[in-house]
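In: Provided below for reference: sequence and predicted model.
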Amino acid sequence: MSFSLSFHEVAAKAVEALASLRVDWMLIGAIPVAAWGQPRATTDADFASSLDFLDSEDLDRAMVSRGFQKVQGPIEITQKRLVLSKYWEPKVSIGIDVFYTTGYVTGEFQRKALERKKSVTFDDRSYPVASAEDLILYKVLAYRMKDLDDVGTVLENRFRSLDWKHIRDWSERLGILVLMKDVVTQYLQERGWPVTMPWGE
């Protein structure tokens, strides 16, 4: 699958803004989903960053100077302890979400996930992205229908090659182990496989 030229151009402007602040970052949305699972249409790009939410004003200035409109933030997603700021590129109607590394356990997870990031290439453009395991953790933590659909495509492509101990350990630390077990159980049942957790339970 190819992503639109507009998507790449808007992503490049967001990358410039983050680079100007000398922060670590990776994509956690459609690009890694396409890399580890199945491509899907998108009208936004999600960035995980090493920024603290106290740096939000610096990020605002960097984004606005590159043509983005501030939508809102920093805001915390209810019960998820994910903190982000939202921006909009009005010329092509593409949104950018930037997730902060906070003091919560989610912040510790994001710092570790940034250390594990991988590089993928689409349309001759390379991006650092969340690993397949960390993408699954982000998606189950968010737990929206589209996120669960994304997880399903990753499991279809990579179930037997995933680091399930990493997924299990961080699921427990993030408080989503029950949700992760439900997701894995549903996948195994749909495949007609024995319902045995891949991390050995």
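Out: That came through, no problem.
In: Phi and psi next, for residue 93.
Out: Summarising the backbone geometry of residue 93 under the convention degrees, to the nearest 10, its torsions are phi 60, psi 50.
In: Return the residues in contact with it.
Out: Residue 93 makes contact with residue 43, according to Cβ atoms under 8 Å, 6 or more residues apart in numbering. The way it works is simple: take the backbone N, C-alpha and C, and place the C-beta from them, glycine included.
In: now the helices for the chain?
Out: If DSSP state H is used as the criterion, the helices of the chain fall at 5-20, 30-36, 56-64, 105-115, 132-142, 145-158, 164-174, 177-191.
In: tell me the angle of the first one relative to helix 56-64?
Out: Between the axis of helix 5-20 and that of helix 56-64 there is an angle of 140 degrees, by axes from the mean of the first three to the mean of the last three Cα atoms, to 10 degrees.
In: roughly how far is helix 5-20 from the heart of the chain?
Out: On the basis of Cα atoms, centre = their mean, to the nearest Å, helix 5-20 sits 16 Å off its chain's mean C-alpha point.
In: Poorly predicted segments of the chain, please.
Out: Applying pLDDT under 70 to the predicted model, the residue ranges of the chain that meet it are 1-2, 201.
In: Nearest the geometric middle of it, what residue?
Out: For the chain, residue 28 is the residue whose C-alpha lies nearest the centre (Cα atoms, centre = their mean; 2.2 Å).
In: got a list of what that one touches?
Out: The contact partners of residue 28, taken as Cβ under 8 Å, 6+ apart, are 46, 47, 48, 99, 129, 130, 134, 135, 138.
In: so who does the nearest residue to the first one once chain neighbours are set aside touch?
Out: Using Cβ to Cβ, 6 or more residues apart in numbering and skipping the chain neighbours, the partner closest in space to residue 46 is residue 29 (3.6 Å). Residue 29 makes contacts with 42, 44, 45, 46, 97, as judged by Cβ under 8 Å, 6+ apart.
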